[in-house]
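Student: turn this into a structure:
(one chain, ligands or ions: 2)
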Amino acid sequence: MNMLTLALAKGRTADDSIKLLEKVGIHFDDFSDQSRKLVFYDAAGLIKLIFVKAVDVPTYVENGAADLGIVGKDNIMEARKDIYEILDLQLGQCQFAVAGFNGEEPPKNNVLTVASKYPAVAKSHFQKKGVPIETIKLNGSVELAPIIGLADVIVDIVESGNTIRENGLTILEEMDAVSTRLIVNKASFTTKSESVHAFINTLQTGLE
Ligand SMILES: Nc1ncnc2c1ncn2[C@@H]1O[C@H](COP(=O)(O)OP(=O)(O)OP(=O)(O)O)[C@@H](O)[C@H]1O
Ligand SMILES: O=P(O)(O)OC[C@H]1O[C@H](OP(=O)(O)OP(=O)(O)O)[C@H](O)[C@@H]1O
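Tutor: Numbers count the residues shown, from 1 in each chain. Ligands and ions are numbered 1, 2, ... in the order given. Next up is the predicted model:
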């Protein structure tokens, strides 16, 4: 068996991801998302876990710096990397949506302006509908954009809907469902086949 490197997304899904790994018997005794440590080894010595920013997980996996990644579908869709998406881990469940002010007419002469943490996702969504847009990349508090006139609408993640509601916006269009996924480097899938498949099978037992 090869030791596998697993890139795990920091942020709100990290604890649940670690819990899922623990549930299937993969233990990281010294893991704490409060510590400044970025590399952890499982007790059996089979997995080297690197703890990285969610947005960077697909990059680590595509380049083979990590064999495996645990990251949200939002970041996978935005990154458009050449990787395999293998399992839906059913964590961090939410949805992409277009949101804005209800009843507002789309701009007639100029293109629709869309603010998002996910400009590629936004572009692809509106392109499929034949609607030309201009994207404005933001890194958070995206709901502010229509309020202060920075953009006509936003493309963002919605879970409870509280952020949208509390800022006076409405969902104008529902888009793809988002949840945390297991992704695999294409070369590792073949060259480390035994270890990768053992990991996938083990993780799958935690989902049933
Ligand atoms: N409101 C939400 N409900 C459920 N899952 C969410 C929600 N917001 C984000 N997620 C999922 O959790 C992942 C991590 O989100 P989080 O906001 O912690 O990371 P981030 O966007 O990288 O953070 P930041 O850029 O603020 O450091 C997202 O990629 C997404 O898949
Ligand atoms: O529908 P809700 O349950 O309100 O969740 C949706 C909110 O959660 C995420 O924001 P996050 O908390 O990551 O903050 P930021 O992106 O604005 O930094 C997302 O960008 C929405 O703003």
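Student: so residue 81 sits right up against residue 57, yeah?
Tutor: No. In this structure residue 81 lies outside contact range of residue 57 using CB atoms under 8 Å: 9.4 Å. Using the backbone N, CA and C atoms, a C-beta is placed for each residue, glycine as well.
Student: comparing the two, which residue is more hemmed in?
Tutor: Counted by other CB atoms under 10 Å, residue 81 and residue 57 do not tie: residue 57 has more neighbours, with 29 against 19.
Student: and that one, what element?
Tutor: Secondary-structure assignment from DSSP states H and E places residue 57 in helix 57-63.
Student: what does the helix or strand that that helix is followed by contact?
Tutor: Beyond helix 57-63 on the C-terminal side, the first helix or strand identified by DSSP H and E is strand 68-72. If you take CB atoms under 8 Å, 6 or more residues apart in numbering as the criterion, strand 68-72 is touched by 4-9, 13, 17, 54, 57-58, 60-61, 83, 89, 92, 178-185, 188, 196, 199.
Student: what does the chain put close to ligand 2?
Tutor: Applying the criterion CB under 6 Å from any ligand atom, the portion of the chain that neighbours ligand 2 consists of 140-143, 156-163.
Student: try it again at 5 Å.
Tutor: Taking CB under 5 Å from any ligand atom as the criterion, the chain approaches ligand 2 at residues 140-141, 156-163.
Student: from the residues you listed, which would you call buried?
Tutor: Restricting the residues of the chain next to ligand 2 to buried positions leaves 156-158, 163, with burial counted as 16 or more other CB atoms under 10 Å.
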